[in-house]
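Engineer: give me the fold of what follows.
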Amino acid sequence: MEGIEYTIASPLKRVLAYIIDSMFMSIASIIILFVIGQGDGLSVIAEYSGGDVNQIVDKILPVGQILTGIQLIVGILYFGVIQALSNVASLGKKLL
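Structural biologist: Here you go, the predicted model:
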């Protein structure tokens, strides 16, 4: 790789790229949550109108655990596989 010069992105660009990557991963995780049939639990948040907080926590906690697992898998695949296949650049890095 002689003759190729690389420039290092500024810390601000790196943070913005990570935020963009995080948004892509979050959107993908929520889509997967609905595809596997667990997305209805998220509607509890929108329907909450005050009252017993423990009720909403009991309804959201299982969905939150599933979503956390999905995000872990999506994160490993996103940063591991996509960067390995695309010249070590995630979508956020490529956009910036």
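Engineer: what lies in contact with the helix or strand of the chain with the lowest mean pLDDT?
Structural biologist: Each helix and strand of the chain was given a mean pLDDT (mean pLDDT, DSSP states H and E); the minimum falls on helix 43-47 at a mean of 72. For helix 43-47, the surrounding residues in contact (C-beta atoms under 8 Å, 6 or more residues apart in numbering) are 56, 59-60, 63. C-beta here means a position set from N, CA and C on the backbone, and glycine is covered the same way.
Engineer: centre of the chain versus the helix or strand Ile66 falls within, how much separation?
Structural biologist: Applying DSSP states H and E as the criterion places Ile66 in helix 53-76. Centroid separation for helix 53-76 versus its chain: 13 Å, with C-alpha atoms, centre = their mean, to the nearest Å.
Engineer: narrow the contacts of helix 43-47 to those that are buried.
Structural biologist: Buried members of these, scored by 16 or more other C-beta atoms under 10 Å, are 59-60, 63.
Engineer: and the residues you listed, which is closest to Asp40?
Structural biologist: Nearest to Asp40 among those: Val63, at 8.4 Å, using C-beta to C-beta.
Engineer: residues near Leu91, how many?
Structural biologist: 17 (other C-beta atoms under 10 Å).
Engineer: quick one, what contacts it?
Structural biologist: Going by C-beta under 8 Å, 6+ apart, the list of residues near Leu91 reads 20-21, 24, 82.
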